[in-house]
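Asks: model this:
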Amino acid sequence: MSSKPLLVIDGSGSTVFAGVLDQNDRWLAQVQREGAPLEDLFPTIESALQEAGTHLNEISAYLYCEGPGSVLGLRLCAMAIETWIRLYPETAKLYKYNSLQLCALALLHDSPDLQEALLVSDWKKGAWNALTIESGKPISIDVIDDTELVSWKGPLYHLPQRKGWQSPPPGAQTIEYSPARIAEVCQHPMFLQATKGVQLYSACINTFQKWTPTRHRA
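Replies: Coordinates of the predicted model:
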């Protein structure tokens, strides 16, 4: 990465976060607000840039959260970044990270002896985004239903969403979402992924119905 600072933008959680990292993954500024993304995203980013003493035309790359999380927050962040990389094409490098992976890596950082766990966040009623930790490492993220969740017997952690469809799973330990932990896990090989455009996480699985040459009836 360039020696110029990097701008971190995260609207996935219950708060709005913006921060500026230097080339050594140290925070030059970080601002987190409790407000809604529509009203508070741009003031939060402006405050972070002012605190760091930098401007958008001096940013070398954007680190953004792909989700899962607040749909509105994620889309507003995507819109902002897509606009700025056109206004300042020299800062068009993009790196995405996943909110569940961030929480899992922070959890493993705090509990290095943890070998097995399940970390879930709300997707829709009766379904969960789930990240499994095996042998002390985060594995791929899947969608599981309530039946699969109940069958899990190991340590269970829950990442709340801005607007949840359902109550936390029984027996789950709630995790606080903290984008500031990025500085601690930034160099993990599974964390940041370079992208050519802003890409948001989607748990949806496309299904297709076979076409038949008959008239459809109600």
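Asks: so what's the residue nearest the centre of the chain up against?
Replies: Centroid check for the chain by Cα atoms, centre = their mean gives residue 99 as the closest residue, at 3.0 Å. Contacts for residue 99 (Cβ atoms under 8 Å, 6 or more residues apart in numbering) come out as 10, 12, 13, 65, 66, 67, 68, 69, 121, 159, 177. Glycine gets a C-beta too; all of them are placed from N, C-alpha and C.
Asks: now swap in residue 76 and tell me
Replies: 11, 37, 38, 41.
Asks: which of those count as buried?
Replies: In the contacts of residue 76, burial by neighbour count holds for 11, 37, 41, counting by 16 or more other Cβ atoms under 10 Å.
Asks: per-residue pLDDT, residue 187?
Replies: Note for residue 187: predicted pLDDT of 90.
Asks: hmm, I was thinking of residue 206
Replies: Model confidence at residue 206, given as pLDDT, is 40.
Asks: all helices of the protein, in order?
Replies: 37-52, 71-87, 99-110, 146-151, 182-185 (DSSP state H).
Asks: for the longest one, C-alpha coordinates in CSV please.
Replies: I take that to be helix 71-87. Taking C-alpha atoms only, helix 71-87 is exported to CSV below (Å, rounded to 0.1, in the frame of the first residue of the first chain):
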residue,chain,number,x,y,z
VAL,A,71,-28.5,-2.3,4.3
LEU,A,72,-29.0,1.5,4.2
GLY,A,73,-25.6,2.1,5.9
LEU,A,74,-23.8,-0.2,3.6
ARG,A,75,-25.4,1.3,0.5
LEU,A,76,-24.7,4.9,1.5
CYS,A,77,-21.0,4.1,2.1
ALA,A,78,-20.9,2.4,-1.3
MET,A,79,-22.5,5.4,-3.0
ALA,A,80,-20.0,7.8,-1.3
ILE,A,81,-16.9,5.8,-2.2
GLU,A,82,-18.0,5.3,-5.8
THR,A,83,-18.5,9.0,-6.1
TRP,A,84,-15.1,9.9,-4.6
ILE,A,85,-13.0,7.4,-6.7
ARG,A,86,-14.4,9.2,-9.7
LEU,A,87,-13.6,12.7,-8.4
